[in-house]
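Visitor: generate coordinates for the sequence data below:
(3 chains)
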Amino acid sequence: MPLVRISLLKGKPPEYLRAIADGVHAALVETFAVPPDDRFQLIDQHEPGTFIYDPDYLGVHRTDDLVMVQIAASATRDTAAKQALYKAIVERLTRDPGLRPEDVMIAIIPNQREDWSFGHGLASYVKA
Amino acid sequence: MPLVRISLLKGKPPEYLRAIADGVHAALVETFAVPPDDRFQLIDQHEPGTFIYDPDYLGVHRTDDLVMVQIAASATRDTAAKQALYKAIVERLTRDPGLRPEDVMIAIIPNQREDWSFGHGLASYVKA
Amino acid sequence: MPLVRISLLKGKPPEYLRAIADGVHAALVETFAVPPDDRFQLIDQHEPGTFIYDPDYLGVHRTDDLVMVQIAASATRDTAAKQALYKAIVERLTRDPGLRPEDVMIAIIPNQREDWSFGHGLASYVKA
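Guide: Here you go, the predicted structure:
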């Protein structure tokens, strides 16, 4: 069910983008009980001037390789699961495509299970 | 009040995009008690590789015509209204522009009535 | 912590976009207790036909200069703070880049403090 929006500066090759998307999804499967085939992701590549970030907030030193990951997901996960998710995303993205751990920002947007329809006009997670 | 984000692969003509936007809005008016002139919609057309979806999740067979619809709206609707909304969106989009019912995914993002300002810097739905 | 998405029609110069982003951020610092260096903003410039708005909803007369501002932020602010935020955003954007007060729409998307990670894979606002 997650709807994932990945935002970064333009200029990376397709396989780099794919590695980010793959890593975020694998982390969701591993820590958020997301089925492997529950994958819906949008990638936005920004021109300079339309991707604004602070290079030092909270003492974390960010570069233009920063990736902002927004994950809309049902609010059924606890804080421990969220902590595991953040850790798993960064572990994977530092391995491939080789991001710095400082260059991964994540925001979760919560909704409810009844807020999802995956086709046929049905509330997919609501019992009939 | 809904803020609607419609995402799909690039390559469709303007009237096709408009039909999707019209159909989603008409469904919101019909089932979500949205005033006809309460319409704010953004359409994002994605390059291949930046629009990622599973072609079979929950046994629903999706194609590259898939449309992802994200609807930010006040959390004042119940599950029955959401079910009616999903059904109404798919009924309209299958008629025009002729989408397959499998190719419509919807996610609702809830907020509160005080979370909206429609001009003049006012909380439009909060009594003065 | 806010993740801000600013959407408008394509065609404005970089300094105009920057003035909008600066004004929204300054208003968040002033009214929402956001630290000055807690700044993360994405700007989307839309082609005609992909940015749809009603020119009169609630009696507010909008033009193609309309800016839609979506602010994902922790749900720790009350209605008074939100009212102050809307007012401060519009005060600043009417001054620079000179928007009409009717041409500023704002939607807040609430989440929780545990929903944010600002690097290193940590839940930045959760005590260890």
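Visitor: out of all residues in chain A, which is the farthest from the middle?
Guide: Farthest-out residue of chain A from its mean C-alpha position, per CA atoms, centre = their mean: A:Ala128, at 30.6 Å.
Visitor: which residue packs closest to A:Leu85, ignoring adjacent ones?
Guide: Once flanking residues are discounted, A:Leu85 sits nearest to A:Thr31: 4.5 Å by CB to CB, 6 or more residues apart in numbering or on different chains. Quick note: C-beta positions are derived from backbone N, CA and C, even for glycine.
Visitor: and for A:Leu66?
Guide: In space, A:Leu66 is closest to A:Asp103, 4.7 Å off (CB to CB, 6+ apart).
Visitor: surely that neighbour meets A:Met68?
Guide: No: judged on CB atoms under 8 Å, A:Asp103 makes no contact with A:Met68 at a distance of 9.8 Å.
Visitor: tell me the spacing between the spatially most central residue of chain A and chain B.
Guide: In chain A, the centroid-proximal residue (CA atoms, centre = their mean) is A:Val69; its distance is 3.9 Å. Separation of A:Val69 from chain B (CB to the nearest CB, to the nearest Å): 13 Å.
Visitor: show me what contacts that residue?
Guide: If you count contacts by CB atoms under 8 Å, 6 or more residues apart in numbering or on different chains, A:Val69 has them with A:Val4, A:Arg5, A:Ile6, A:Ser7, A:Val24, A:Ile89, A:Val104, A:Met105, A:Ile106, A:Ala107.
Visitor: am I right that it sits in a strand?
Guide: Yes: looking at A:Val69 with DSSP: H, G, I helix; E, B strand; the rest coil, it is inside a strand.
Visitor: how about the strands in chain A?
Guide: Ranges of strands in chain A, per DSSP state E, are A:3-9, A:40-46, A:51-53, A:67-74, A:104-111, A:116-117.
Visitor: most tightly packed of the ones you listed?
Guide: Among those, strand A:116-117 has the highest mean neighbour count (mean count of other CB atoms under 10 Å in any protein chain shown), at a mean of 26.
Visitor: sheet partners, orientation included, of it?
Guide: strand B:104-111 (antiparallel) (DSSP bridges).
Visitor: contacts for the strand it pairs with next, please.
Guide: A:1, A:3, A:40, A:72, A:109, A:111-112, A:115-119, A:121, B:53, B:62, B:66-75, B:82, B:85-86, B:89-90, B:93, C:107-110.
Visitor: chain B contacts on chain A?
Guide: By the rule CB under 8 Å from any CB of the partner chain, the part of chain A lying against chain B is A:1, A:3, A:14, A:17-18, A:21, A:35, A:37-45, A:72, A:109, A:111-112, A:114-124, A:126.
Visitor: and the residue of chain A closest to chain C?
Guide: A:Val90 (3.2 Å; CB to the nearest CB).
Visitor: burial measure for that residue, as a count.
Guide: A:Val90 sits with 24 neighbouring residues when counted by other CB atoms under 10 Å in any protein chain shown.
Visitor: identify the residues contacting the closest residue to it other than its chain neighbours.
Guide: Spatial nearest neighbour of A:Val90, chain neighbours left out: C:Gly121 (3.2 Å); criterion: CB to CB, 6+ apart. By CB under 8 Å, 6+ apart, the contact list for C:Gly121 reads A:Tyr86, A:Lys87, A:Ala88, A:Ile89, A:Val90, A:Glu91, A:Pro101, A:Val104.
Visitor: ok, 7 Å please
Guide: A:Tyr86, A:Lys87, A:Ile89, A:Val90, A:Glu91, A:Pro101, A:Val104 (CB atoms under 7 Å, 6 or more residues apart in numbering or on different chains).
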